[in-house]
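>>> The sequence and its predicted three-dimensional model are supplied below.
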Amino acid sequence: MRVELRNLSKRWGNVVGVDNISLEVKDGEFVAFLGPSGCGKTTTLLMIAGIYKPTSGEILFDGRVVNHVPPKDRNIGMVFQSYALYPHMTVFDNIAYPLKLQKLPKEEIRERVQRVADMMGIGHLLDRKPGQLSGGQQQRVALGRALVKNPKLLLFDEPLSNLDARLRLTMRGEIKRRQMELGITSIYVTHDQVEAMTMADRIAVIKDGKLQAYDTPEELYERPRTLFIASFIGNPPMNLIRGVEVVRENGTYWTQCPAFRVPVPPERGEKVAGQGEIIMGIRPEDITLAAEEDGQGVVGEVYVVEPLGRDDLISVQLLGDVYVHFLADPHLKLRPGMKITMHFDTSKVQFFDPESERSLLWG
Amino acid sequence: MEAVVQEQAMEMVARRRSWRVSLEAFSFMSPAMVLVTLFFFIPVVLLLWISLTNLSSNTFGNPLCVGGMRDFCESLGIRVGRVEFVGVSNYRRLFADRFFPKILGNTLFYVFTTLIFFNVGLALILALLTTHIERRTGFLFRAIWLLPRITPSVIYIMMWKRISADAPYGILNQFLVPLGFEPKAWLKEAPWLFVIITNGFVGASFGMLIFSSAIESIPRDYIMAAKVDGASTLQIIRTIIIPLIKWPLLFVTTYQTLSLLASFEYILLLTNGGPGLYRTEVWSLTAYHRALQTYFGNNQWGYGAAWGFVLVVIGIIFSLIYLRVFRFDELVQEPKIDAL
């Protein structure tokens, strides 16, 4: 099913929850709504579900306005952060609930519940109550209940937030796989950019109720259009250095500030040269430890070392109280207080206007 | 030999420990035990004791004039008691009373009609309505509905007497007559209706409060999930809300059954058991009438106590049935530890 939001807004008195969001979800697409807590992503989802009424704007399913269609007639499946399994019903009754409401024959209900439960790997738990299941099993029951009525649209409201880290990884893959197999249009709300990046075909970045960007994960990562997207997408987050100037000298573009002076590729440099003090963004993976002093290195002092296992996350203090993060091989045994020289790979460097916080490259 | 000594020592330690544990348990229970003893067990024992005597305003005398003092008292003209143990004769009299079936029927009718239609039924409807409208409006409505509970009973019942009074005073008649109805003495026409309404309107507020707080504590997600799953509002109430407030429902049912069994002050003030002979006389009112307010001015405390004691027994029987049928023991079941 194709979903379209047109100038969708939700206000409670003076409080704006969702501010004029327009976007389209193609048939079979997996879209993530990504944003910090309280940004309006769940409110948008609940409007699509029909639980909240939009203050203004339209929601269209396959080109038909559904603003006034009650949730029960929207043919959607939804998975909640809390799973919202009915505690007084067994797993069977939980999954069968949507079918019982449709008054399907008993035999068909039993068959379809069993099929979905087997698919989710919980076929042996049908007699249990939700309170007797582990978090991961509850998650599967919730997913089974959403899938059993063959919905045209699946809505996920932070379904993995209550799981432990390892289970989250497993379920992430499982949800993605089911969605691909079944080809059901899906909208997935999350504040975890890794979840959004790994699962979604397209990501809608929402902040303060406004749609910041709506693009593929690669586009958002490579070409962030605002400072917020740049800082929100990517883990560890992009280093943002204020008060940087880009100048042209002898045909080469240089980005400079009190802490360093490094060359920039001309296709990026020419767009921002001579614009005064701007914000430079460089991802941790584009910073490496320089072998030796070559005149273009950036010198700093190791401030904090955070072992992540495969890498150490190094926080470095540069001149003028500027801090940058990068990942280093733990075998290098960097320790706080060590003086190091880094190499900035500026081929993917980003620049932002400090006033409008918009990208100067892709704005 | 040594092993035996050791075993004995360990047994002593264990016994001492278990004694300490039970002492601790008793010390925690003691406030409740004092209350129950003072206000339930002692009164019930006294009640049973009185019910086995012929204590009445006829037989009552100065409590000092017993034994050797009797003659001395009599010579001084002080009233000498003629209280005697009469065994179960009060009970025999009670069950042989020709109004006994009528009163028993009245009591069951009054308790269960009020319970089903008002104290649980209306309470549930009010709770559902006030939790499905805007929060503050619902709160205000419940607060208003609670007011009659803190109105003095006499004033509350006087208002109802005025409402139901015969022409030309009755408020109800003043509205009905212009609509073409014959003016009537409504309280005499439909005494049960007014007995049940006056009790039910006040009684419903208790369940209303319990149910609405229970409904409000149901996580919003369950309701949203049910909506998405395709349930209508009525289906949500039937399949989600009611099962989730099962315990408050059973608690209010049990509690209100017992409190209705024992209540009689509104009936006393409104109809005093009438009109006519025992039309709205219920068990607890009979006990009151026999013991404290007889037509001939003879307060038969012993006989009234027998009515009271049988009511206590009926209450205990109802409690046991409820405990059994509603499986309240499940409430205190061991929690199931969640496996990861």
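Cool, got the structure.

>>> element containing A:Leu85?
A:Leu85 belongs to no helix or strand when assigned by DSSP states H and E.

>>> domains of chain B?
Following automatic domain parsing, chain B resolves into domains at B:51-87, B:99-281.

>>> what's the closest of these to A:Lys333?
Closest approach to A:Lys333 among these (Cβ to Cβ): domain B:99-281, 49.0 Å. No exception for glycine: its C-beta is placed from N, CA and C like everyone else's.

>>> Now do that closest one: distance to the chain's middle.
15 Å (Cα atoms, centre = their mean, to the nearest Å).

>>> where does chain A dip in pLDDT?
Low-confidence segments of chain A (pLDDT under 70): A:291-295, A:363.

>>> Tell me how it divides into domains.
Looking at automatic domain parsing, the domains of chain A come to A:3-225, A:239-352.

>>> Rebuild the ones you listed as CSV, extending it with distance to chain B and mean neighbour count.
Below are the domains of chain A laid out as CSV (distance: least, Cβ to the nearest Cβ, whole Å; neighbours: other Cβ atoms under 10 Å in any protein chain shown):
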stretch, distance to chain B, mean neighbour count
domain A:3-225, 4, 19
domain A:239-352, 22, 16
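
>>> looking at the domains of chain B, which one has the lowest mean pLDDT?
Lowest mean pLDDT of the domains of chain B: domain B:51-87, a mean of 77.

>>> Ends of that one, what's the gap?
Using Cα to Cα, to the nearest Å, the end-to-end distance of domain B:51-87 comes out at 9 Å.

>>> ok, now stretch B:51-60?
Terminal residues of stretch B:51-60 are spaced 14 Å apart (Cα to Cα).

>>> mind saving the C-alpha coords of the strand or helix carrying A:Asn94 as CSV?
With secondary structure defined by DSSP H and E, A:Asn94 is part of helix A:91-101. Extracted C-alpha coordinates of helix A:91-101, given in CSV (Å, rounded to 0.1, in the frame of the first residue of the first chain):
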residue,chain,number,x,y,z
VAL,A,91,-0.4,-16.1,23.4
PHE,A,92,-2.9,-17.9,21.1
ASP,A,93,-5.7,-15.5,22.1
ASN,A,94,-3.4,-12.5,21.7
ILE,A,95,-2.6,-13.5,18.1
ALA,A,96,-6.1,-14.6,17.4
TYR,A,97,-7.6,-11.4,18.7
PRO,A,98,-7.7,-9.4,15.4
LEU,A,99,-9.2,-12.5,13.6
LYS,A,100,-11.8,-13.1,16.3
LEU,A,101,-12.9,-9.5,15.9
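
>>> Just send the domains of chain A back as a markdown table, with distance to B:Leu261 too.
Formatted as a markdown table, these follow (distance: least, Cβ to Cβ, whole Å):
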| stretch | distance to B:Leu261 |
| --- | --- |
| domain A:3-225 | 30 |
| domain A:239-352 | 69 |
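
>>> Out of those domains, which gets nearest to B:Val34?
Comparing these by Cβ to Cβ, domain A:3-225 comes nearest, at 37.3 Å.

>>> Show me what the helix holding A:Asn94 is packed against.
Packing partners of helix A:91-101 (3 or more Cβ pairs under 8 Å, 6 or more residues apart in numbering or on different chains; DSSP states H and E): helix A:106-119, helix A:135-147, helix B:220-229.

>>> closest one to B:Cys73 among these?
Closest approach to B:Cys73 among the helices and strands packed on helix A:91-101 (Cβ to Cβ): helix B:220-229, 74.0 Å.

>>> Excluding residues flanking it in the chain, which one is nearest A:Pro307?
Of all residues not flanking A:Pro307 in the chain, A:Pro330 sits nearest, at 6.3 Å (Cβ to Cβ, 6 or more residues apart in numbering or on different chains).

>>> The one you found and A:Ile314 touch, don't they?
No. Assessed by Cβ atoms under 8 Å, A:Pro330 is found out of contact with A:Ile314, at 10.3 Å.

>>> Show me what counts as buried in the helix or strand hosting B:Pro101.
Per DSSP H and E, B:Pro101 falls inside helix B:100-114. Neighbour-count burial for helix B:100-114 flags B:Ile103, B:Leu104, B:Asn106, B:Thr107, B:Tyr110, B:Val111, B:Thr113, B:Thr114 (criterion: 16 or more other Cβ atoms under 10 Å in any protein chain shown).

>>> Would you mind checking which of those residues is nearest to A:Met342?
For the buried residues of helix B:100-114, the nearest to A:Met342 is B:Thr114 (82.5 Å; Cβ to Cβ).

>>> List the residues that contact that closest one.
Applying Cβ atoms under 8 Å, 6 or more residues apart in numbering or on different chains to B:Thr114 gives the contacts B:Ile196, B:Asn199, B:Gly200, B:Gly203, B:Leu260.

>>> Packing partners of the lengthiest helix in chain A?
When chain A is parsed with DSSP state H, its longest helix is helix A:165-182. Applying 3+ Cβ pairs under 8 Å, 6+ apart, we find helix A:165-182 packed against strand A:30-34, helix A:135-147, helix A:193-199.
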